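S.K.: mind folding the following:
(one chain, ligands or ions: 1)
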Amino acid sequence: MRVTRRTLLATAAASVAAGLVPRRLVAEMALGDGTLTTVSDGHLVLPGDFLFAPMPQDALMPLLAELDVSRDTLEPPCNVTLWRDAEATVLFDCGAGGEFMPSAGRLLENLDAVGVAPEDVTHIVFTHAHPDHIWGLLDDFGDPAFPDAQLLMGATEHAYWTDPATVDTIGEARAAFAVGAARRLEMVADRVALFNDGDEVLPGIAAVASFGHTPGHMAFSLARGGTGAMVVGDAIGNGHVAFARPGWLSGADQDPEAAAETRQALLSQLADSGTPLVGFHLPGGGIGRAVPADGGYRFEVAS
Ligand SMILES: [Zn+2]
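M.R.: Numbers count the residues shown, from 1 in each chain. Coordinates of the predicted model:
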């Protein structure tokens, strides 16, 4: 495995004007005849309660101190995975676009920095349809941002977000998520193809059901030339507590019990096999490995 990482010089006027610290870490890994790259979409700014509220607070506080993580505010990075080989230029998710949070929605300018134009993208494979993963389907003018891409989504996930009842059942805090996903999926309906658990969605890329974070969340197992990696999306949603205490229920997950089971199973499998993983909200560009530590795991950034 060859891994290179570099920080691109940040010159975006928009980032400077907004007073944001540009984060343009790019991680890269060769896999058989192709290359896996993560491209930053910026980061999110979330109240700590969003993640930590359901966790056992007495045990959480010393753990956060040990991991040097704030209880009050989280700023998770957003890493969009890009797969390139001779035939295809594939994105896994497409970022938040301009309507979600001022600190996110940087994907197009950061793709440009690695030499990828929107019309170069042949496929977008979705892990799930939360705003930071799918709202980037539309550009700042409300037009499709990746006009030539075929869109691939798990059938269960697609059915959930296109169900008119979801906006009423998802809960007030996430109602805007439902409206935003439904609007976008309707606009691109003629370009969407559906798949199920175990399907080979593209050559060497197989869907792995990892439900819980959302009702139809999918991870993807990549196998090329005798090597492999797994794109885990938000099934392992942060680089700290999700690894250290994967069984704890997380407020970030729509079905916390199912998500905790999924997370434990994935981490056990990834740590046992040593397979590199790519996580949407993991640090250092998001490529690394799960390593057993103190009864749980820790995320070791690839270097
Ligand atoms: Zn996310």
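S.K.: residue 288 contacts residue 299, doesn't it?
M.R.: Yes: under the criterion of CB atoms under 8 Å, residue 288 makes contact with residue 299 at 5.4 Å. (Glycine included, C-beta is placed from N, CA and C.)
S.K.: list residues touching both of those two?
M.R.: Listed as contacting both residue 288 and residue 299 by CB atoms under 8 Å, 6 or more residues apart in numbering are residue 282.
S.K.: show me where the stretch 151-300 of the chain has helices.
M.R.: 155-162, 166-169, 175-187, 241-244, 256-273 (DSSP state H, counting those that start in this stretch).
S.K.: please name every helix or strand in contact with the last one.
M.R.: Helices and strands touching helix 256-273, by 3 or more CB pairs under 8 Å, 6 or more residues apart in numbering; DSSP states H and E, are strand 227-233, strand 287-293.
S.K.: who does the last one pair up with?
M.R.: To tie it back to what came earlier, the one meant is strand 287-293. Here strand 287-293 is paired, per DSSP bridges, with strand 277-279 (antiparallel), strand 296-301 (antiparallel).
S.K.: dump those strands to TSV, plus mean neighbour count, distance to residue 239 and mean pLDDT.
M.R.: Conversion of the strands paired with strand 287-293 to TSV gives the following (neighbours: other CB atoms under 10 Å; distance: least, CB to CB, whole Å; pLDDT from 0 to 100):
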stretch	mean neighbour count	distance to residue 239	mean pLDDT
strand 277-279	27	7	98
strand 296-301	19	4	97
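S.K.: now render those as a markdown table, adding distance to residue 244.
M.R.: Supplementary listing: the strands paired with strand 287-293 in a markdown table, determined by distance: least, CB to CB, whole Å:
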| stretch | distance to residue 244 |
| --- | --- |
| strand 277-279 | 14 |
| strand 296-301 | 4 |
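S.K.: among the ones you listed, which is nearest the ion?
M.R.: Closest approach to the ion among those is made by strand 277-279 (9.6 Å; CB to the ion).
S.K.: right, I'll leave it there.
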